[in-house]
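Enquirer: how does the following fold in three dimensions:
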Amino acid sequence: MKHRYSIPLLSTLWLLAAPVQSAPSADDFLPPVQASTPEQQQQLEQVKGPVQEVKDPATGQTAVQAETAQDAINHVVNKQSAGAEMIKTGSGLGWVATGIGGYDVMENPTATRIAKRNAYVKAFLDAKKNLAEALNGLNATGRTQLVEQMELVTDAKADLANFAATQEEKLEQAVQMLLKGFVVYAVEDDTAKKTVYVSIVTTPKTRGQFNRPSPNGMEADSIRDGLSQALLEIQNGLIPPVGGKIIQVPATGEIAFVGFGSDVIRMSDNAAMQAKMRLNADKIAQMRAKDALVGMIIGDDTRWKAKLDEETRQAIEQFETSDDGQGNVTRQRFDKARETSTNAQKSSEQYESIRKGILPPGVSSKTFTSKDDAEVYAVAVYIPSVSQQAAQTAKEMSQAQLLDNPNSGTGTVPAAPATQEDNTPRPQKDVAPGPTGTVSRDKDL
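Expert: A predicted model of the protein is given here:
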């Protein structure tokens, strides 16, 4: 079954598609229309208006143009084809890149969930590679060689001939680019095909051309409101296992950066071990979310290499030559010519994504557990004003002089809790479809 839908929202930041404005306006901060039925959710990913492919006069490349960014992006995403295409949005030229990954369904549901998560990672890497190739080009080296040999022998009885041909092809291709300012737009798990799709988008807005610096005198209440709104919106929206996004924060007028991470919770019959596995998955998901945040705001050095070695041999033989080692050469004629043809092909593909940097202070992280208690999803949120407040707190802490260190006093040691029934949540046996739907709100693009 194919699962593709949008997730309804409960606050005012992102995810639902809407027309993109050329620059931030009051419309960017209005609550998005909430979908109340699955049918309305599906409509959010339909192309509602006319879409055409036009040649951009500045670049000479073909771009997908529509009345809204939603239609332009969905037109590309709905193709479910690996690659990248240029789009025209209200904020300028953008790109949509899609990657594909596959997974197997195994007897162990944990192994299936791990394979599915790895498929999202592979699709995300593939999407980044396709975006880097579209923006920065591809280094290619190719070599094709064809060798043909003919051996003719004429004796008193007949004319004999052997023919051999060998064709070799060697290809090497590489892509490398430091990507910044791209967001995950949509993810999809097609359970029938055991295939996942990840689509990423970059536009002038996501690249920070309309980012507003926070005012120096911003009040703490607005900062708290901004962080609370961001976390609430994330909690009630779609959290993909990979990538990141940006959102407009109405309370502060800023752009917040969000990194996503996930991990599969392993299963154990022992309650204590199950709790430790859940905690370990929490930690890993948070690490991955912060790593994704580094890639968003500092840069993701995306590299890809591919090699192809192919050899084809063809032969037509009417005789065989043998040597007894003493210089005596004999030729044996075949009753019927022997024809052979073989082809050998070796190919390899290597993806590499390198992220390195120091996250600013004040990054907030939060984890959520899937409904089947099988996976942990984490988000890491960076809001510039929160970072400034955290840095100020760190400064005050380093300068603090604590003259008094009162004892906490004595008290009775609480009694050990009584043995309770094992209510530890464990992953369900059935593997649910992976996250599917629109991740980024079109107004943020």
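Enquirer: how close does residue 282 get to residue 317?
Expert: 67 Å (CB to CB, to the nearest Å). Heads up, the C-betas are built off the backbone N, CA and C, glycines and all.
Enquirer: how about the strands of the stretch 301-445 of the chain, start to end?
Expert: For the stretch 301-445 of the chain, the strands defined by DSSP state E, counting those that start in this stretch occupy 329-354, 364-369, 375-382, 437-438.
Enquirer: if we compare the ones you listed, which one ends up closest to residue 189?
Expert: Taking CB to CB, strand 437-438 is the member of these nearest to residue 189, at 10.0 Å.
Enquirer: so which elements touch the closest one?
Expert: For strand 437-438, the helices and strands in contact under the criterion 3 or more CB pairs under 8 Å, 6 or more residues apart in numbering; DSSP states H and E are strand 183-190.
Enquirer: check which helices and strands the strand it packs on sits against.
Expert: So strand 183-190, by 3+ CB pairs under 8 Å, 6+ apart, packs with strand 2-3, helix 69-77, helix 109-136, strand 195-202, strand 244-249, strand 437-438.
Enquirer: among the ones you listed, which is nearest residue 424?
Expert: Per CB to CB, nearest to residue 424 of the helices and strands packed on strand 183-190: helix 109-136, 16.0 Å.
Enquirer: next helix or strand past that closest one?
Expert: Downstream of helix 109-136, the next assigned helix or strand under DSSP states H and E is strand 139-154.
Enquirer: where's that next one relative to the chain centroid, distance-wise?
Expert: Per CA atoms, centre = their mean, to the nearest Å, the displacement of strand 139-154 from the mean C-alpha position of its chain is 42 Å.
Enquirer: make 17 the starting number, not 1.
Expert: From this message on, residue numbering opens at 17, which makes the last subject strand 155-170.
Enquirer: list the contacts of it.
Expert: With contact meaning CB atoms under 8 Å, 6 or more residues apart in numbering, strand 155-170 is reached by 175-192, 335, 347.
Enquirer: distance to residue 317 added to the helices and strands packed on strand 199-206, as JSON lines?
Expert: Below are those laid out as JSON lines (distance: least, CB to CB, whole Å):
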{"stretch": "strand 18-19", "distance to residue 317": "33"}
{"stretch": "helix 85-93", "distance to residue 317": "25"}
{"stretch": "helix 125-152", "distance to residue 317": "10"}
{"stretch": "strand 211-218", "distance to residue 317": "16"}
{"stretch": "strand 260-265", "distance to residue 317": "16"}
{"stretch": "strand 453-454", "distance to residue 317": "28"}
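Enquirer: out of these, which comes closest to residue 401?
Expert: Residue 401 sits nearest to strand 260-265 of all the helices and strands packed on strand 199-206, at 8.7 Å, using CB to CB.
Enquirer: which strands or helices does the helix or strand just after the closest one pack on?
Expert: Counting by DSSP H and E, the element after strand 260-265 in chain order, helix or strand, is strand 270-280. Helices and strands touching strand 270-280, by 3+ CB pairs under 8 Å, 6+ apart, are helix 125-152, helix 236-251, strand 260-265, helix 287-313, strand 391-398.
Enquirer: and the spatially closest residue to residue 134 that is not a sequence neighbour, what does it touch?
Expert: Among residues not flanking residue 134 along the chain, residue 119 sits closest, at 7.0 Å (CB to CB, 6 or more residues apart in numbering). Contact analysis of residue 119 by CB under 8 Å, 6+ apart lists 128, 131, 132, 134, 135, 210, 211, 212.
Enquirer: how many residues are close by residue 271?
Expert: Residues lying near residue 271 (other CB atoms under 10 Å) number 21.
Enquirer: what pairs with it across the strands?
Expert: When bridges are called by DSSP bridges, residue 271 pairs up with residue 264.
Enquirer: doesn't residue 261 make contact with it?
Expert: No - between residue 271 and residue 261 there is no contact under CB atoms under 8 Å: 10.4 Å.
Enquirer: mind giving me the domain split of the protein?
Expert: Per the record, the chain has its domains at 18-156+189-323+365-415+444-460, 157-188+324-364, by automatic domain parsing.
Enquirer: which of the ones you listed sits most buried?
Expert: Among the domains of the chain, judged by mean count of other CB atoms under 10 Å, the one packed with the most neighbours on average is domain 18-156+189-323+365-415+444-460 (a mean of 19).
Enquirer: what mean pLDDT does that domain have?
Expert: Average pLDDT, domain 18-156+189-323+365-415+444-460: 78.
Enquirer: which ones among the contacts of strand 155-170 map onto helices?
Expert: Using DSSP state H, no member of those sits in helices.
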